[in-house]
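Enquirer: any chance you can model this:
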Amino acid sequence: MEPSFSYWERTAFIDHADVIIIGSGLVGLSAALHLKKRQPTLKVLVLERGFLPSGASTKNAGFACFGTVSEQISTINQSSEDEAMRLVAYKWRGLQRLRENLGDANIDYRQHGGHELFMEDETEAAKNSIDQIDHLNKLLKQAIDQPDIYAVADAKIADFGFNKVSHMIYNPYEGQLHTGKMMRTLLYKVYNLEVLVLNNCSISGMEQEGNHISLTTSQGNFKSGKVILATNAFASQLFPELKVIPGRGQVLVTKPVPGLKLKGTYHFNEGYYYFRNIDGRVLFGGGRNLDYKAEETWDFGHTDTVKKKLIAYLNEVILPGQQTEIDCWWSGIMGFGEEITPIVKQVQPNIFCAVRCNGMGVAMGSLVGEEVAELALQ
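Expert: Residues are numbered from 1 along each chain as shown. Now for the predicted structure:
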């Protein structure tokens, strides 16, 4: 049955918006923030399908990272040195913009550095990465104007209490944050600029009608002059021609660990596994590479294969012999594609998209949102 809105509801919440943004994650709200800063009189409405932002913005690991040595090598092999360094510079600028927009204290930003681990059976991969450090440091110095980004830190392995780890590379310029607080702060920012965010409102279709776009939603029809699609992994549900492949990330958080030695962010196996400290606990996620097809899904949830692997690594490598209790599990859906850069473009007249952050939404999201906002303003 079509929802019945009062006159008050229609005139205050429903009637024509200048711009409707679909998706209240980091990209969508960053776009809203930029639109209102540039044109304060714009009527901007954000529609969100979930009770909280769906996808990954509040379900990721809170890594303020721009890439490990292995990831940089993989990106260079996939594209080129120039493209890889452009991406590094973009992620670096995105992280600085996020901090500038929201404030380090508001998002619990901590720059404890990033670490890449290599297991005892990864001798060749470790040697290849270590051999590339000097060259990558020269490239990244030009990209982000910071010296000595990567360095071998094998001496610190024992300090963290790891087992089966033979080599470690440290990057002092990476950090961590609390993505729940990040999104709360961003919501407060856009509320204060009179952006309206409506939740539990899923979009089933949109079409051009004269000089506006009509959106069919679970809460009735909305009209807008322009629409921005910021649903990342879910973009192809509305526009199948957008080549965005969903990728589920499964995550656990332990109960508090007495005397926890970890501090910072950690990746291993080319970034497919990642962990960090949070409130005296360990957050640990990944394992998408165990079964790519199973994890190419829009469904939240868990698989026994990934859960068993994460628990094994937790008990054998990260906190060996401690048999730490797990407090909670969750999953987030990221958006991936064959190309390394996000898709920011017009998909139809007055309909724009900003999607496919390739698992680096925290680093990219602020700039991606600003870019699509500028596109819509033109």
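
Enquirer: for V317, give me its contacts.
Expert: By CB atoms under 8 Å, 6 or more residues apart in numbering, V317 lies in contact with M119, F162, N163, K164, V165. (Each C-beta comes from the backbone N, C-alpha and C, glycine too.)

Enquirer: what about it, which SS state?
Expert: helix (DSSP: H, G, I helix; E, B strand; the rest coil).

Enquirer: 288 is where my numbering starts, stick with that
Expert: Fine by me, first position is 288 from now on; the one you just mentioned is V604.

Enquirer: PyMOL command to pick out the buried ones of the contacts of V604?
Expert: Per 16 or more other CB atoms under 10 Å, the buried members of the contacts of V604 correspond to this PyMOL selection:
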select buried, resi 406+449+452
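
Enquirer: export the contacts of V604 as TSV, with columns for secondary structure, pLDDT and distance to L320.
Expert: Shown next, in TSV, are the contacts of V604 (DSSP: H, G, I helix; E, B strand; the rest coil; pLDDT from 0 to 100; distance: CB to CB, whole Å):
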residue	secondary structure	pLDDT	distance to L320
M406	strand	97	42
F449	coil	97	40
N450	coil	96	44
K451	coil	96	44
V452	strand	98	41
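
Enquirer: any idea which of the contacts of V604 is closest to Q524?
Expert: M406 (37.9 Å; CB to CB).

Enquirer: and the closest one, how close does it get to A599?
Expert: 12 Å (CB to CB, to the nearest Å).

Enquirer: and what of G646?
Expert: G646 is 23 Å from A599, by CB to CB.

Enquirer: more crowded one of these two?
Expert: G646 (23 against 10; other CB atoms under 10 Å).

Enquirer: any idea of the pLDDT on Y457?
Expert: pLDDT, the model's per-residue confidence, is 98 for Y457.

Enquirer: output stretch 404-421 in PDB with nothing but the alpha carbons.
Expert: Taking C-alpha atoms only, stretch 404-421 is exported to PDB below (Å, rounded to 0.1, in the frame of the first residue of the first chain):
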ATOM      1  CA  LEU A 404      53.600  -9.300   8.000                       C
ATOM      2  CA  PHE A 405      55.100 -12.200   6.100                       C
ATOM      3  CA  MET A 406      54.700 -15.800   7.300                       C
ATOM      4  CA  GLU A 407      57.500 -18.300   7.600                       C
ATOM      5  CA  ASP A 408      56.400 -20.000   4.300                       C
ATOM      6  CA  GLU A 409      56.400 -16.700   2.400                       C
ATOM      7  CA  THR A 410      60.200 -16.400   1.900                       C
ATOM      8  CA  GLU A 411      60.000 -15.400  -1.700                       C
ATOM      9  CA  ALA A 412      57.200 -12.900  -1.300                       C
ATOM     10  CA  ALA A 413      59.000 -11.300   1.600                       C
ATOM     11  CA  LYS A 414      62.300 -11.000  -0.300                       C
ATOM     12  CA  ASN A 415      60.500  -9.600  -3.300                       C
ATOM     13  CA  SER A 416      58.800  -6.900  -1.200                       C
ATOM     14  CA  ILE A 417      61.900  -6.000   0.800                       C
ATOM     15  CA  ASP A 418      64.000  -5.700  -2.400                       C
ATOM     16  CA  GLN A 419      61.400  -3.200  -3.700                       C
ATOM     17  CA  ILE A 420      61.400  -0.900  -0.600                       C
ATOM     18  CA  ASP A 421      64.000   1.600  -1.700                       C
END
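
Enquirer: since we're on A430, how many residues are nearby?
Expert: 22.

Enquirer: quick one: contacts for it?
Expert: Contacts of A430 (CB under 8 Å, 6+ apart): M372, R373, V375, A376, W379.

Enquirer: quickly find the element holding the third one.
Expert: Same thing as V375. helix 368-389 (DSSP states H and E).
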